[in-house]
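**Q** Sequence below, structure please.
(one chain, ligands or ions: 2)
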Amino acid sequence: MDKLPHEKGFHISWDQIHRDSRALAWRLENDGPGASGSWRAVVAITRGGMAPAMIVARELDIRTVDTISVKSYSHQTQAEAQVLKAPDAELMGDGEGVLIVDDLVDSGKTLELVRQMYPKAHFATVYAKPKGRPMVDTFITEVSQDTWIFFPWDMALQYVEPYRGTD
Ligand SMILES: O=P(O)(O)OC[C@H]1O[C@H](OP(=O)(O)OP(=O)(O)O)[C@H](O)[C@@H]1O
Ligand SMILES: [Mg+2]
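**A** Numbering: from 1, shown residues only. Ligands and ions are numbered 1, 2, ... in the order given. Modelled structure (predicted):
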């Protein structure tokens, strides 16, 4: 049987991503580098990790924020993950004390690539699909592998037909 429209994807509002990213920050407070320590820097995996990374950095009062640009999807089609721009090498080292944030982990290919570069970093995503879970240290919500997550920056409010249709 065909799925209902609302079952094909998981649609996340701005309010939801804000709340889930805050929850991620609070969870990271306990997973952090020791009670007295703090992360040296937050690194966002662009572009999807930028909004969550900003919210996490704000909650944890971390002012040093850098980016790593990784491209692996064109619309919903996956290709080889590619690093288009690396963060500051001196800041990163082997990743020790650095928190790397992305919006989600799906196959895990993106995080696998970034992990190879910074093996000691801590990896956090807001959402995680089962295949990619082993690649992430901290996440908030697990979503099934066959669900496509739609983020608010890719959507707009629009009219929908009533479920029963109209005459
Ligand atoms: O675990 P994976 O299967 O590698 O997929 C997850 C990655 O894919 C998406 O990024 P995308 O490459 O689409 O780029 P974007 O963030 O610029 O949209 C998403 O933001 C993650 O970074
Ligand atoms: Mg991304």
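
**Q** Wait, a strand at residue 145?
**A** No - counting by DSSP: H, G, I helix; E, B strand; the rest coil, residue 145 falls outside a strand, being coil.

**Q** Ignoring the adjacent residues along the chain, who's closest to it?
**A** residue 129 (5.0 Å; CB to CB, 6 or more residues apart in numbering). Just so you know, the C-beta spots here come from the backbone N, C-alpha and C atoms, and that holds for glycine as well.

**Q** What count of nearby residues applies to that neighbour?
**A** Number of residues near residue 129 (other CB atoms under 10 Å) recorded here: 21.

**Q** so what's it up against?
**A** Going by CB atoms under 8 Å, 6 or more residues apart in numbering, residue 129 touches 104-107, 142-145, 147.

**Q** For this structure, which residue gets nearest to ligand 1?
**A** Closest approach between the chain and ligand 1, counting by CB to the nearest ligand atom: residue 48, at 2.8 Å.

**Q** Need the three-state assignment for residue 104.
**A** Recorded secondary structure, residue 104: strand (three-state DSSP).

**Q** who wins for neighbours among the contacts of residue 129?
**A** residue 105 (26 neighbours).

**Q** How far off centre is the helix ranked longest in the chain?
**A** Using DSSP state H, we find that the single longest helix of the chain is helix 14-31. Relative to its chain's centre, helix 14-31 lies at 11 Å (CA atoms, centre = their mean, to the nearest Å).

**Q** near ligand 1, which of the contacts of residue 129 show up?
**A** 104-107 (CB under 6 Å from any ligand atom).

**Q** my guess is residue 57 contacts residue 65, does it?
**A** Yes - contact criterion CB atoms under 8 Å: residue 57 and residue 65 qualify, at 5.3 Å.

**Q** between those two, what contacts are shared?
**A** residue 42.

**Q** Just want to know which of those two has more residues nearby.
**A** Remark: of residue 57 and residue 65, residue 57 carries more neighbours, 21 against 18, as counted by other CB under 10 Å.
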